[in-house]
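A.B. asks: only the shape, not the letters, is given here:
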């Protein structure tokens with residue numbers, strides 16, 4: 001699965017790989033797996049970061 005960028009809405013500790021503990025801070029961008037991003041956004045503790053717009057597209 002591809003990695004995606006998220007922005008947590010609150011501080012929390014999580015286990016994105018199921019083994020290692022990782023601290024997430026509100027407002028600080030983080031990269032996680034697609035599956036973990038779905039879990040976090042579903043629980044309302046993070047939002048997906050919008051992809052950067054291409055300079056060619058308007």
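C.D. replies: Yep, it's here. These numbers come from a predicted model, not from an experiment.

A.B. asks: going forward, measure contacts between C-alpha atoms and count neighbours the same way
C.D. replies: Noted.

A.B. asks: burial of residue 42, as a residue count?
C.D. replies: 11 (other CA atoms under 10 Å).

A.B. asks: all helices of this structure, in order?
C.D. replies: Ranges of helices in the chain, per DSSP state H, are 34-43.

A.B. asks: need the strands for it, in chain order.
C.D. replies: Counting by DSSP state E, one finds strands in the chain at the ranges 3-8, 12-14, 22-24, 30-33, 46-48.

A.B. asks: now residue 41: closest residue in space that isn't a chain neighbour?
C.D. replies: Setting aside the residues directly before and after it, residue 41 is nearest to residue 47 in space (CA to CA, 6 or more residues apart in numbering), at 5.6 Å.

A.B. asks: looks like that neighbour contacts residue 26 (just checking).
C.D. replies: No - under the criterion of CA atoms under 8 Å, residue 47 is not in contact with residue 26, lying 10.5 Å apart.

A.B. asks: looking at the two, which has the bigger crowd around it?
C.D. replies: Shown here are residue 47 and residue 26; by other CA under 10 Å, residue 47 has more neighbours (19 against 13).
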